[in-house]
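S.K.: My questions are about this predicted structure, shown below with the sequence.
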Amino acid sequence: MFYRVSGSLLLPLLLIALAELEYMRFAMAAASVSSLSTASTRNTALVLLDCQQSFIGGFWMAGVDPDEVQPLRLAFDRVAALLSKLSTDVRLLVTQCLFPTAYDFELYAPVNDALAARDTSTIKRVIKPGNSVLHARGATQWFDEFAANSTDTVPTVVFGGCTLTSCVRVSALDLCERYSGDSSSSRRRLNVCVDLNLCAARASNYIRRCRSCLTRYITVYGRRTEPCTCKSGVDLISPADKAVMDMRSAGVNVYDSFDWSNFYVTEM
C-alpha cells in the first residue's frame, strides 16, 4: 500500500534522513578514531625518573639556594597535573633513588597522590641505584616486554622527571642505544622521547656559558653557579642545552612539550 506525502512534509523528512546518514557517518568515523587512539595509547609509556622530595626540599638540595630547585618543583607539578587526566592505558614506570631518610626517598606529594589515584596494575615501580634507568632491577625486562607486546607501530617511551642533565639524559641515551633497531639485532625497537615540559634541572644548569667556562662548571660538579664573564663572540651553551644536543644527536626525540592531548581520559 502506498501513502501520499504532501509537499509540506517531504522536505522535513528528507532533512531527517540526511541527518541520520550524517550521524551514522560521524559515528563510524569516531569509532575508527577511537580504535586508533586506543592502540596508540597502549603503545605509549611514560617513564618518571626520581620525582622525589629530596630534590626540592631535602638532602639533595641541602646547601643550595631555594631558587635553584624551583624548575624541578614546577616540572613535578606539571607531572602531577598530567597524571590526573592521563589514560590508564598509558603504562607507567616510576623510579626512585636511594636517600638517607624516608622523607627524602618519598615521591613529591602531589605526584604521589596522583599515582595513588591510578590503577596500580598499570604502574611499575623500581629503585634506581645509578644514573641509568636500565640499572634498576626489573626495568630492562619491563622495557623488553613493553616493546614485544606492542602492536602495529613502534612503541613510544616518553621520559619525564629529574634531572634533565643527569639521569634523564643518561637513561634516554642508554635506552636509545639498546632499542635503536639496528638491523644486526633481533631486539625490538622503541621510539625514545623526552618531554622537556616534564623534566628539569637546577636553575644554574640553564645559564649559558662559553665552552671553557662550561667545562669548568661541569668539572666541579656544578658548585660554581656564576655566569660566564668571557667577553668573546663565541656561542654560549648551558648544561641543559648540551644535554638536549647530546640526546638529539643520538636519535632521541626531544620535545619542548610532548602532545598528550590524545591520551587523556575520555569523559562520558
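M.R.: Cool, got the structure.

S.K.: Residue ranges in the protein under the pLDDT threshold?
M.R.: Within the chain, the stretches with pLDDT under 70 are 1-40, 181-187, 220-227, 229, 231-233, 266-268.

S.K.: how about the strands in it?
M.R.: Secondary structure of the chain (DSSP state E): strands at 44-49, 91-96, 123-127, 156-162, 191-200, 253-255.

S.K.: can I get these in JSON lines with distance to Pro71?
M.R.: Every residue, glycine included, has its C-beta placed from N, CA and C. Putting the strands of the chain into JSON lines (distance: least, Cβ to Cβ, whole Å) gives the following:
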{"stretch": "strand 44-49", "distance to Pro71": "15"}
{"stretch": "strand 91-96", "distance to Pro71": "19"}
{"stretch": "strand 123-127", "distance to Pro71": "25"}
{"stretch": "strand 156-162", "distance to Pro71": "9"}
{"stretch": "strand 191-200", "distance to Pro71": "4"}
{"stretch": "strand 253-255", "distance to Pro71": "16"}
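
S.K.: Pipe those into a markdown table and attach mean neighbour count and distance to Asp65 per row.
M.R.: Shown next, in a markdown table, are the strands of the chain (neighbours: other Cβ atoms under 10 Å; distance: least, Cβ to Cβ, whole Å):
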| stretch | mean neighbour count | distance to Asp65 |
| --- | --- | --- |
| strand 44-49 | 26 | 23 |
| strand 91-96 | 21 | 25 |
| strand 123-127 | 17 | 29 |
| strand 156-162 | 26 | 17 |
| strand 191-200 | 24 | 15 |
| strand 253-255 | 17 | 28 |
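
S.K.: Does Phe99 touch Trp60 like I think?
M.R.: Yes: judged on Cβ atoms under 8 Å, Phe99 makes contact with Trp60 at a distance of 7.2 Å.

S.K.: mind saving the C-alpha coords of stretch 156-167 as PDB?
M.R.: The C-alpha coordinates for stretch 156-167 follow below in PDB (Å, rounded to 0.1, in the frame of the first residue of the first chain):
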ATOM      1  CA  THR A 156      56.900   5.100  22.300                       C
ATOM      2  CA  VAL A 157      58.600   5.700  25.600                       C
ATOM      3  CA  VAL A 158      58.500   9.300  27.000                       C
ATOM      4  CA  PHE A 159      60.800  10.400  29.800                       C
ATOM      5  CA  GLY A 160      59.900  12.900  32.500                       C
ATOM      6  CA  GLY A 161      61.400  13.700  35.900                       C
ATOM      7  CA  CYS A 162      64.800  14.700  37.000                       C
ATOM      8  CA  THR A 163      67.400  15.700  36.500                       C
ATOM      9  CA  LEU A 164      67.500  16.600  32.800                       C
ATOM     10  CA  THR A 165      71.300  17.000  32.700                       C
ATOM     11  CA  SER A 166      72.000  13.700  34.500                       C
ATOM     12  CA  CYS A 167      69.500  10.800  34.900                       C
END
